[in-house]
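In: Make a model of this:
(one chain, ligands or ions: 1)
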Amino acid sequence: MNLWGGRFTGETDQHFAAFNASFRFDRRLIFADLQACAVQAQALGRAGVLPAAEADLLTQGLQKIRDMIAEPGFLDRSEFAATEDVHSFIESRLVELIGPVGYKLHTGRSRNDQVAVATRLFLRGEIERIDEVMRDTERALIELAEKYATDPLPGYTHLQKAQPILLAHFLLAYFQMLERDRDRLRDVKKRVNVLPLGSGALAGTNFGVDREWMAQQLGFDGVTRNSLDAVSDRDYIIEFVSCAATAMMHLSRLAEDLIIYSTQEFGFIKLGDAIATGSSLMPQKKNPDSLELVRGKSARVFGHLTAMLTLAKGLPLAYNKDLQEDKEALFDTIDTLSDSLRVMATVLRNIELNRERARAAAIRDYTNATDLADYLVRKGLEFRKAHEVIGRIVVYAIEQGRELNDLTLEQCQQFSSLFEQDLFDAISLESSLAGKKQLGGTAPEQVQQELQRAKATLGI
Ligand code: ARG
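Out: The predicted model follows:
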């Protein structure tokens, strides 16, 4: 039965009814909705709007619905297929279970504040859950960083070899990104965790429900201060999707790096069978589909962000049905981010570093040229001039088909008389790494310190 029959004499068009219905997806809010419904029932009792016995009956009925839907497949029953939305589902079941008193639950409430409170409660729980999932991905980064704590890798800018770094330093860069993502989500939670219930359809309610009390019961940090705003804004969803999009962007970058490093051309890492796939045609292939999908799925979350902003931008105050479109964007964002984080954690736990190859690559192709320039600076030359001298030495070394380490002291001295025998120590892989020992640098001792710090952050 519809929740709004009285004004109507004609039947709803069947296609429109299906178009209008949201139960197939908003049923995901059912536990949150039931929780808020129970507090609504008690608030009506406390305000003297309903006798205590009726309020209790409503609460018991809601508890029964909870038990009923815990049965697997219950919500999939064909008799519920034509249900309009999760809110009408709850009311219908309530009336079936406890009789006409069930109709009193909606006193002073609208689906507009009902859906807002359910969504906020639901999202609060999901943010807490995602935080856990994200922590596990961070843990996987740390595990890999610990396994290869001192192994070097070339660092890149413009995807051209730049300077040697530690693999652990590379991994901890992504740890930092995910830490900020978690921090952003925690911050969003503050604005999600505010009670809109008691706003009615748009103007407030004629019944004196104690909103502060309801907020307390539901674990909200506060109550919304304007009923029009409370029922119609979805900025908390937009913010959440925006944070999720940023996190997906980070995962996508990590995926891209790992895809590149696993190619035959780079060959720094080997992906385990558990997270790779083969080709139906080419027998030799092992493809990084897991990572490609993480990279690819970022696109749909970016799409949801655009959809949410576009959805909200032209809506006059207060509630408009357009807002029903927020659900699928929100749910898919939650699922895509959670799944991508989990897959990324699994990938990280199935990576092997090709130590020799990564080490050899880290020092080849003049990645120590900057260290050689810094050497001249320490001998008293201005940096710009040192840069110029080393640039010319690099050209010379390329012509000779040699690395800087393979040149003789005499060859170097042709370019500057400041060179001495100690230059070779200064440009070894070890001293290149060890030199970067200020906070945030890639020196092994520094990276070790950050690794410990990262572990402490996660309490491991
Ligand atoms: N399914 C609706 C939504 O998600 C619930 C609120 C409906 N309110 C209304 N007045 N039609 O927005």
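
In: Reduced to three states, what does the residue of the stretch 151-300 of the chain found nearest the ligand come out as?
Out: The stretch 151-300 of the chain approaches the ligand most closely through residue 201 (6.9 Å), counting by CB to the nearest ligand atom. All C-beta spots, glycine's among them, are computed from the backbone N, C-alpha and C. What DSSP: H, G, I helix; E, B strand; the rest coil gives for residue 201 is coil.

In: Give me the phi and psi angles of it.
Out: Backbone torsions of residue 201, given as degrees, to the nearest 10, read phi -70, psi -40.

In: Doesn't residue 164 lie inside a strand?
Out: Yes: counting by three-state DSSP, residue 164 is found in a strand.

In: what about the closest residue in space to it that isn't next to it in sequence, neighbour count?
Out: Closest residue to residue 164 apart from its sequence neighbours, by CB to CB, 6 or more residues apart in numbering: residue 362 at 4.1 Å. Neighbour count for residue 362, taken as other CB atoms under 10 Å: 25.

In: Which elements pack onto the strand or helix carrying residue 362?
Out: Element membership for residue 362 (DSSP states H and E) is helix 355-363. Where contact means 3 or more CB pairs under 8 Å, 6 or more residues apart in numbering; DSSP states H and E, helix 355-363 is packed against strand 152-157, strand 160-166, helix 429-435.

In: Can you tell me what sits against the second one?
Out: Contacts made with strand 160-166 from outside it, assessed by CB atoms under 8 Å, 6 or more residues apart in numbering, are listed as 149-156, 361-368, 370-371, 429, 432-433, 442, 444, 447.

In: what residues does the stretch 201-350 of the chain put near the ligand?
Out: 319, 321, 323-324, 327 (CB under 6 Å from any ligand atom).

In: Quick one, which of those residues are buried?
Out: By neighbour count, with 16 or more other CB atoms under 10 Å, these hold 319, 323-324, 327 as buried.

In: Counting only helices, which of those residues make the cut?
Out: Of the positions in these, residue 327 sit in helices, assigned by DSSP state H.

In: and which of the buried ones among the residues of the stretch 201-350 of the chain next to the ligand is nearest to residue 235?
Out: Of all these, residue 235 sits closest to residue 323, with 11.9 Å by CB to CB.

In: Tell me who's in contact with that closest one.
Out: Here residue 323 is in contact with 115, 232, 234, 311-312, 315 (CB under 8 Å, 6+ apart).

In: Residue 441 - how many residues pack around it?
Out: With other CB under 10 Å as criterion, residue 441 counts 16.

In: again, but for the one 4 residues further on
Out: The tally of other residues near residue 445 (other CB under 10 Å) stands at 10.

In: Which helix or strand contains it?
Out: helix 444-458.

In: What's the biggest helix in the protein, counting residues?
Out: helix 111-147.

In: and it, how far out from the chain's middle?
Out: Helix 111-147 has its C-alpha centroid displaced from the chain centroid by 8 Å (CA atoms, centre = their mean, to the nearest Å).

In: tell me which residues of it are tucked away?
Out: 111-124, 126-127, 130, 133-142, 144-145.

In: Quick check: which of the residues you listed are also close to the ligand?
Out: 111-112, 115.

In: which among the residues you listed gets closest to residue 296?
Out: Distances from residue 296 to these, taken by CB to CB, are shortest for residue 115, at 31.4 Å.

In: What is the nearest of the buried ones among the residues of the stretch 201-350 of the chain next to the ligand to residue 285?
Out: Each of those was checked against residue 285 using CB to CB; the closest is residue 327, at 39.6 Å.

In: Close to the ligand: what parts of the stretch 1-150 of the chain are there?
Out: By CB under 6 Å from any ligand atom, the residues of the stretch 1-150 of the chain that approach the ligand are 22, 26, 85, 111-112, 115.
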